[in-house]
Structures are given as structure tokens and as C-alpha cells.
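Participant: attaching a predicted model along with its sequence, questions to come.
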Amino acid sequence: MANAVTRVIHRCDDAKESENLDLSNCQLMQVPDAVYHLMRHTELKTCDLSDNVITKIPPKFAVKFNLITDLNLSHNQMSKLPEECAELGNLERLDISYNSFISLPRCSFKMPKLRSLKANDNHIIDVEVDELTETPALECIDLERNPLAPRIHDQLSRITKFVIVLSPRQTEDWEDLTI
């Protein structure tokens, strides 16, 4: 545990110069309050929280790190993001892959500069397709290896406004007319 704490402190110190906070692989269950304190005079550009056991991001995260352009939350245990994440007005890339999301976080539809959303390898069944198509800057979304409902998969596959990466749709038993 002491090693993990030391690692976090060293990485915060590194981020003061690079403006890139890398807290991946630190056994974090949440973003420690000390991180907000250590980074209070630093304008972060990127934040990597991947490969931890984080279950949620607090609302203050978006307030304290509102200038980041790249946020990696992959390989955690998250199922939602706070609505305040919509305040991440400069965020261009969001990676929530390999988590426990069952739907896309609503705040992601409101991020004005979000260009790339990686949400592959979650448990996403439903997508608010209308809201997704209204996302102002979105260029690419990865929804591979999610158990999307057939109707949602079909709706998404018809969108041409931006690139959507989908796994091939699994045919339901009742749809297989060859039986």
C-alpha cells in the first residue's frame, strides 16, 4: 500500500511539469483527495486512470480538471460518470472501455469538443441514439463487444454522421429462419 501511495505522489510531481497525470496501475479505488491538492496549481492536459479498481469519479473531478483534453478511464469497475463531467469543455478523447457501463454516460453527449469515445468491452445494451447523433464534435465511437439490443445495433449501423465501430450483430434465435 505504501508503494502505491508513493507512486501516486511521484506521478503527481511528474505531472506538474508534463501536464499529463498518469495514475494508471496504482491500485486506486477512487481518485485520492491528495491528488486534487497536489495538482491544484497545475493545468492538466491529460489524465490516465486506467488499470485501477475505480468504481466512480466524484463530481469535483470535472471541476478541478476542467482543461483536460484526454481522459482514460479504461480497465476499471465504473458503471456511470457524474453529470458534472459534461463540464469537461476541452475533452476530445474519452476512454471508458473495459468497465461495467450498461449505457453510455449521458454527460458524454454534452461535451462540446468530444471527438473520440471508446466504450468497447462494457455491458452496454441501450444507447440514446438521438442524443448520440446530437453530440456536437463526435467523429468516432467504439462500441465493439457490447451486448447491444438488435434494434439499437440496427439504428447505430445506419448513422453516417460519424464513424461507429460495432461488432457484428448476433442473430437472435427467433430470427434464424433456416431452422
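Facilitator: Right, received. Where do you want to start?
Participant: going forward, measure contacts between C-alpha atoms and count neighbours the same way
Facilitator: Fine.
Participant: count the neighbours of residue 154 for me.
Facilitator: Counted with other C-alpha atoms under 10 Å, residues neighbouring residue 154 total 12.
Participant: so residue 36 touches residue 64, yeah?
Facilitator: Yes: between residue 36 and residue 64 there is a contact under C-alpha atoms under 8 Å: 7.0 Å.
Participant: what pLDDT is listed against residue 3?
Facilitator: If you check residue 3, the pLDDT there is 81.
Participant: distance check, the residue nearest to residue 69 when sequence neighbours are not counted against residue 101.
Facilitator: Among residues not flanking residue 69 along the chain, residue 91 sits closest, at 3.9 Å (C-alpha to C-alpha, 6 or more residues apart in numbering). If you measure residue 91 against residue 101 using C-alpha to C-alpha, to the nearest Å, the figure is 20 Å.
Participant: and residue 31, by the same measure?
Facilitator: In terms of C-alpha to C-alpha, residue 31 sits 19 Å off from residue 101.
Participant: more neighbours: which of these two?
Facilitator: Legend: neighbour count by other C-alpha under 10 Å for residue 31 and residue 101, higher for residue 101 (22 against 16).
Participant: residues touching the more buried one, list them.
Facilitator: 78, 79, 80, 122, 123, 124 (C-alpha atoms under 8 Å, 6 or more residues apart in numbering).
Participant: can you classify the closest residue to the second one other than its chain neighbours as helix, strand or coil?
Facilitator: Among residues not flanking residue 79 along the chain, residue 101 sits closest, at 4.1 Å (C-alpha to C-alpha, 6+ apart). Taking DSSP: H, G, I helix; E, B strand; the rest coil as the rule, one finds residue 101 in the coil state.
Participant: repeat that for residue 108.
Facilitator: Using three-state DSSP, the structure places residue 108 in helix.
Participant: need the per-residue pLDDT for it.
Facilitator: Predicted confidence (pLDDT) for residue 108: 96.
Participant: likewise residue 75?
Facilitator: With respect to pLDDT, residue 75 scores 98.
Participant: check the gap between residue 128 and residue 84 for me.
Facilitator: Relative to residue 84, residue 128 is positioned 19 Å away (C-alpha to C-alpha).
Participant: I meant to write residue 69 there.
Facilitator: 16 Å.
Participant: comparing the two, which shows the higher neighbour count?
Facilitator: residue 69 (19 against 16).
Participant: what sits against the more buried one?
Facilitator: With C-alpha under 8 Å, 6+ apart, residue 69 has these contacts: 45, 46, 90, 91, 92, 93.
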